[in-house]
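# predicted model, plus sequence, below.
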Amino acid sequence: SMSSAPRSKPPKERGNKVVVRLLPPELTEEIFLGTIDPALLSNVQWKSFLQGKRRKTAAKASTNSRCYLQFETVEQAKEFCKNYHGHGFVDQKGQT
């Protein structure tokens, strides 16, 4: 269906987006981006890094960092998933 996409997501087709979840809370965007192959990083058109929070008490759960990436093509998104798989939990945002 051609319903309008939610505003929180970047435009373009769904298949070229990736979300990297469960990153350490104290991980910064700079460090995270440093773990990505520069060749793959050059294909990223849009990115959004959400910094997590490490809680000092056990009563509150820590929040993991996560990053949303949008590539030029579905192939590039798949390539990223394949290459980055060992680093953390990556799932391709094919479904909404």
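Yep, that arrived. Residues are numbered from 1 along each chain as shown.

# okay, CA-based contacts and neighbour counts for the rest of this
OK.

# element containing A59, please.
When elements are assigned from DSSP states H and E, A59 belongs to no helix and no strand.

# low-confidence ranges, this protein, go.
Scanning the chain with the threshold set as pLDDT under 70 gives 1-14, 85-96.

# which other helices and strands contact the longest helix belonging to it?
What stands out as the longest helix in the chain, according to DSSP state H, is helix 74-84. Packed against helix 74-84 by the contact rule (3 or more C-alpha pairs under 8 Å, 6 or more residues apart in numbering; DSSP states H and E) you find strand 17-23, strand 89-92.

# now C67, what's its secondary structure?
Using DSSP: H, G, I helix; E, B strand; the rest coil, the structure places C67 in strand.

# sorry, back to before: list the buried ones in the longest helix of the chain?
V74, Q76, A77, K78, F80, C81, Y84 (16 or more other C-alpha atoms under 10 Å).

# tell me the angle of that helix relative to strand 17-23?
For the pair helix 74-84 and strand 17-23, the angle between their directions (axes from the mean of the first three to the mean of the last three C-alpha atoms, to 10 degrees) equals 20 degrees.

# only alpha carbons, please: show helix 74-84 as CSV.
What follows is helix 74-84, C-alpha atoms only, in CSV (Å, rounded to 0.1, in the frame of the first residue of the first chain):
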residue,chain,number,x,y,z
VAL,A,74,19.5,-3.1,-0.7
GLU,A,75,22.7,-4.9,-1.7
GLN,A,76,24.9,-2.4,0.3
ALA,A,77,22.6,-2.9,3.3
LYS,A,78,23.0,-6.7,3.0
GLU,A,79,26.7,-6.4,2.6
PHE,A,80,26.9,-4.3,5.8
CYS,A,81,24.8,-6.9,7.7
LYS,A,82,27.1,-9.7,6.4
ASN,A,83,30.3,-7.8,7.3
TYR,A,84,29.1,-6.4,10.7
